[in-house]
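Enquirer: let me see the structure of the following:
(2 chains)
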Amino acid sequence: EAGVAQSPRYKIIEKRQSVAFWCNPISGHATLYWYQQILGQGPKLLIQFQNNGVVDDSQLPKDRFSAERLKGVDSTLKIQPAKLEDSAVYLCASSSLHRGGQTQYFGPGTRLLVL
Amino acid sequence: QKEVEQNSGPLSVPEGAIASLNCTYSDRGSQSFFWYRQYSGKSPELIMFIYSNGDKEDGRFTAQLNKASQYVSLLIRDSQPSDSATYLCAVHSGGSNYKLTFGKGTLLTVNP
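Expert: Residues are numbered from 1 along each chain as shown, chains lettered A, B, ... in the order given. Model (predicted):
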């Protein structure tokens, strides 16, 4: 079974530029998450999709971040305009349901450096 | 604000010893608890999860949960240098959205 795919793996941009990340979840996983992980911190949830609907975006900085999941499969996360503090790893995860809840599986992440 | 606390470490143990990683959480309604391992420069990978009080064993790993004390731990027996990584505790606090709150992680170093 293929894992969660993400691209690009690395991105360097200047502040005020825009950037977009792509994620393809594990086949059959209805739930997709985008996390931001700053160096030395645990992942912080930005947005959660169930199929193509948003379940939780309470920690998404909506003035600059946007995300969509068309057709309930692939997803894109966009930052426009980027700030220096957006430098982080952006992780996509998808999950399957089991008795204890949902287990999340992470993609390799996109490392973003904003200069 | 639901919080998950971990000792940031680093925790250093000799090869072959037992490594003990601890995590406390603030939300008494928390239902499921997950341990992820994250190697430097890599993404988190799931080690195991637990949702009932007591112990759960999987190979060299044992998760322990005490809901009354709001405490979950991970024991790694016969620690190997390849276990050197950051260990993230994550808590699902209930609700249908299965949102996870992560701790900051504990850096474990296993010395040969």
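
Enquirer: which one of the residues in chain A is closest to chain B?
Expert: A:Gly42 (3.2 Å; Cβ to the nearest Cβ). The C-beta positions use only the backbone N, C-alpha and C, and glycine is treated the same way.

Enquirer: kindly tell me how buried that residue is, as a neighbour count.
Expert: 22 (other Cβ atoms under 10 Å in any protein chain shown).

Enquirer: can you give me every residue that contacts it?
Expert: Applying Cβ atoms under 8 Å, 6 or more residues apart in numbering or on different chains to A:Gly42 gives the contacts B:Val4, B:Leu88, B:Ala90, B:Phe102, B:Gly103, B:Lys104, B:Gly105.

Enquirer: got it, and A:Gly40?
Expert: B:Lys104.

Enquirer: for chain B, which residues score under the pLDDT cut-off?
Expert: For chain B, applying pLDDT under 70 flags the ranges B:1, B:95-96.

Enquirer: so what's B:Ala17 closest to, chain neighbours aside?
Expert: B:Ser79 (5.4 Å; Cβ to Cβ, 6 or more residues apart in numbering or on different chains).

Enquirer: burial measure for that neighbour, as a count.
Expert: 21.

Enquirer: check the one 3 residues further on too.
Expert: Around B:Ser82 sit 8 other residues, with neighbours defined as other Cβ under 10 Å.

Enquirer: please apply the same query to the one 5 residues further on.
Expert: Around B:Tyr87 there are 24 other residues, counting by other Cβ under 10 Å.

Enquirer: mind listing what the residue positioned nearest the centre of chain A touches?
Expert: Geometric centre of chain A, nearest residue: A:Trp34, 2.6 Å, by Cα atoms, centre = their mean. Contact analysis of A:Trp34 by Cβ under 8 Å, 6+ apart lists A:Cys23, A:Leu45, A:Leu46, A:Ile47, A:Gln48, A:Ala67, A:Ser75, A:Leu77, A:Tyr90, A:Leu91, A:Cys92.
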